[in-house]
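Enquirer: What shape does this take:
(one chain, ligands or ions: 1)
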Amino acid sequence: MLKNILIVGAGFSGAVIAERLSKTKKYNIVVIDKRVHIGGNCHTEIDPETKILVHKYGPHIFNTNNLNVWNYIRTFGKFNNFTNRIKVNSRGSIYSFPINLHTINQFFNVSLSPSEATQLIDKKRDKSIIKARNFEEQALGMIGRDLYEAFIYGYTKKQWGCDPELLPASILKRVPVRFNYNDNYYDKLYQGIPEQGYSKIIENMLDHKSIRVVTDTPFNSSFDTSSFDHVFYTGPIDSFFDYKYGKLGYRTVTFEEERTIGDYQGNAVINYADLDVPYTRIHEHKHFAKKANFGKTIYFKEFSKETEIDDEPYYPKRLKDDKESLEKYQKDIEKKQNFTFLGRLGTYRYMDMELVISEALRISRNFKI
Ligand code: UDP
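Expert: From the prediction side, this is the model:
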């Protein structure tokens, strides 16, 4: 007798669980998603006018050191060899980013070698900070006030909507500082973007006779799960419990879309570090493709704001109050039989795609009913 499985959410977490369980031939699987499309925030679409592959919820560049994950994901579609090299606009000038030897030489108007630049930054950084208690201390202890104020402070305040002193140091650890000319945004072995988009990859993962996908179907506390032997829930924890311990803080992003002919900014992503520019970055999606020879172009100004009830949650803030509520929700989750909470929203953690996939692979490997 086949067991019935419900998966809430057709993003990467849900798709990996569905795909892995479908191969065991032991389950009937239903995947629901409140949106009209699959793919979650990785959803991509070909823009009908320009034929450019658009990342509808902002740029997603797959990057991983995990060969298992890299091999697994590429069985569902070909990846191009896009490498993320971004630029940053600070006080009206364009710099290389993440902070590297080029940025340091541009910013201080010098031509230092790696060891000279290391010495310069060592003089500038705040050596009294041994163990950073927050984001700002982490930055000041690593690069000093000049670089912090030029490249990090404004962007971070716009991105998170609060003073960087209130944020955890871990957020900054995602961005490297280098004393060479390597401007690859990620320190990872494998990187790229699916040539036909993420939604095609996820469509291929869900393409199995034991999987039924139902979009435009929200999950809420009145949803009847009694016919399912197990539920994998990848939506927000607080909404699952009707916000009984309060709303968990998320930042969301909104986009202003513009179109023109030719090439708008000459690069896929340019960040805007200054507080008086209201957006955090501009992404021009044709540069994510292998050949960017489209006649027209489409680009998005990205704005960050607090998540309201109808907004899509993006970045878990994990401030002190959030963590207290989260602990209460986690106690309730432990008591819930036949439910697994997973993914970025289901665990309320910042997770990139590789971590989402590796955790879902592990959960499906250990799943037995
Ligand atoms: N950051 C910054 N300036 C930049 C880019 C990033 O200050 O030009 C900081 C910012 O606080 C951001 C963090 O570094 O939240 C992590 O950056 P990452 O690119 O990992 O952000 P994400 O991919 O989560 O948008």
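
Enquirer: can you list contacts of the longest helix seen in the chain?
Expert: Counting by DSSP state H, the longest helix found in the chain is helix 320-335. Contacts with helix 320-335, where a contact means Cβ atoms under 8 Å, 6 or more residues apart in numbering, come from Ile237, Asp238, Phe241, Tyr245, Gly246, Leu248, Gly249, Pro316, Arg318, Phe339, Phe341, Tyr348. Any C-beta I mention is one placed from the backbone N, CA and C, and that applies to glycine too.

Enquirer: which of the residues in it are buried?
Expert: Counting neighbours by 16 or more other Cβ atoms under 10 Å, one finds that the buried residues in helix 320-335 are Asp322, Ser325, Leu326, Tyr329, Ile333.

Enquirer: Next secondary structure after it?
Expert: From helix 320-335 onward toward the C-terminus, using DSSP states H and E, the following helix or strand is strand 339-341.

Enquirer: That next one - contacts with which helices or strands?
Expert: In terms of contact count using 3 or more Cβ pairs under 8 Å, 6 or more residues apart in numbering; DSSP states H and E, strand 339-341 is assigned the packing partners strand 230-233.

Enquirer: Just give me the neighbour total for Lys209.
Expert: Applying other Cβ atoms under 10 Å, we find 7 residues neighbouring Lys209.

Enquirer: What residues does the stretch 101-250 of the chain have near the ligand?
Expert: Selection of the stretch 101-250 of the chain residues close to the ligand by Cβ under 6 Å from any ligand atom yields Phe151, Ile152, Tyr155, Thr156, Gln159, Ile171, Leu172, Arg174, Val175.

Enquirer: Now, of those, which are buried?
Expert: Looking at those with 16+ other Cβ under 10 Å, the buried ones turn out to be Phe151, Ile152, Tyr155, Thr156, Gln159, Ile171, Leu172, Val175.

Enquirer: before we move on, which element is the third one in?
Expert: Remark: Tyr155 resides in helix 153-160, with elements defined by DSSP H and E.

Enquirer: and that helix, what's its mean pLDDT?
Expert: Per-residue confidence for helix 153-160 averages out to 98 on the pLDDT scale.

Enquirer: Contacts made by it with the rest, please.
Expert: Helix 153-160 is touched from outside by 88, 135-136, 139, 163-164, 167, 171, 251, 271-275, 278-280, 304, 315, 317, with contacts defined as Cβ under 8 Å, 6+ apart.

Enquirer: The same query, at a cut-off of 7 Å, please.
Expert: With contact meaning Cβ atoms under 7 Å, 6 or more residues apart in numbering, helix 153-160 is reached by Phe135, Asp163, Pro164, Leu167, Arg251, Asn271, Ala273, Asp274, Leu275, Thr280, Ser304, Lys317.

Enquirer: Moving C-terminal from it, which element do we reach first?
Expert: Following helix 153-160 in sequence, per DSSP H and E, is strand 190-192.

Enquirer: For the longest helix of the chain, C-alpha coordinates in CSV please.
Expert: Provided in CSV are the C-alpha atoms of helix 320-335 (Å, rounded to 0.1, in the frame of the first residue of the first chain):
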residue,chain,number,x,y,z
LYS,A,320,16.4,39.1,19.5
ASP,A,321,12.6,39.1,19.6
ASP,A,322,12.4,36.9,16.5
LYS,A,323,14.7,34.3,18.1
GLU,A,324,12.5,34.3,21.3
SER,A,325,9.4,33.6,19.2
LEU,A,326,11.2,31.1,17.1
GLU,A,327,12.1,29.0,20.2
LYS,A,328,8.4,28.9,21.1
TYR,A,329,7.4,27.8,17.6
GLN,A,330,10.2,25.2,17.6
LYS,A,331,8.7,23.6,20.8
ASP,A,332,5.4,23.3,19.1
ILE,A,333,7.0,21.8,16.0
GLU,A,334,8.7,19.1,18.1
LYS,A,335,5.2,18.1,19.3
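
Enquirer: Could you pull up the mean pLDDT of that helix?
Expert: Computed over helix 320-335, the mean pLDDT rounds to 96.

Enquirer: Ok, stretch 201-209 next?
Expert: 98.

Enquirer: first vs last residue of it, how far apart are they?
Expert: One end of stretch 201-209 sits 17 Å from the other (Cα to Cα, to the nearest Å).

Enquirer: what's in contact with it?
Expert: The contact list for stretch 201-209 (Cβ under 7 Å, 6+ apart) reads 10, 15, 18-19, 22, 31, 38-39, 73, 76-77, 194, 213.

Enquirer: hmm, 6 Å instead?
Expert: Residues from elsewhere that reach stretch 201-209, judged by Cβ atoms under 6 Å, 6 or more residues apart in numbering: Ala15, Ala18, Glu19, Ser22, Ile38, Gly39, Phe76, Gly77, Pro194, Val213.

Enquirer: Just the residues you listed: which are in helices?
Expert: Taking DSSP H as the definition of helices, these contribute Ala15, Ala18, Glu19, Ser22.

Enquirer: Between these, identify the one with the most neighbours.
Expert: Comparing these on neighbour count, Ala15 comes out first with 31 neighbours (neighbours: other Cβ under 10 Å).

Enquirer: burial of whatever residue of the stretch 201-350 of the chain ends up closest to the ligand, as a residue count?
Expert: Residue nearest to the ligand within the stretch 201-350 of the chain (Cβ to the nearest ligand atom): Asn271, separated by 3.7 Å. Neighbouring residues of Asn271 were enumerated by other Cβ under 10 Å; the total is 22.

Enquirer: change the start of the numbering to 198 and stick with it
Expert: Noted, 198 is the first residue going forward, which turns the last one into Asn468.

Enquirer: on contacts alone, who are the packing partners of the helix or strand harbouring it?
Expert: Using DSSP H and E, Asn468 maps to strand 466-469. Under the contact criterion of 3 or more Cβ pairs under 6 Å, 6 or more residues apart in numbering; DSSP states H and E, strand 466-469 touches strand 283-287, strand 478-481.
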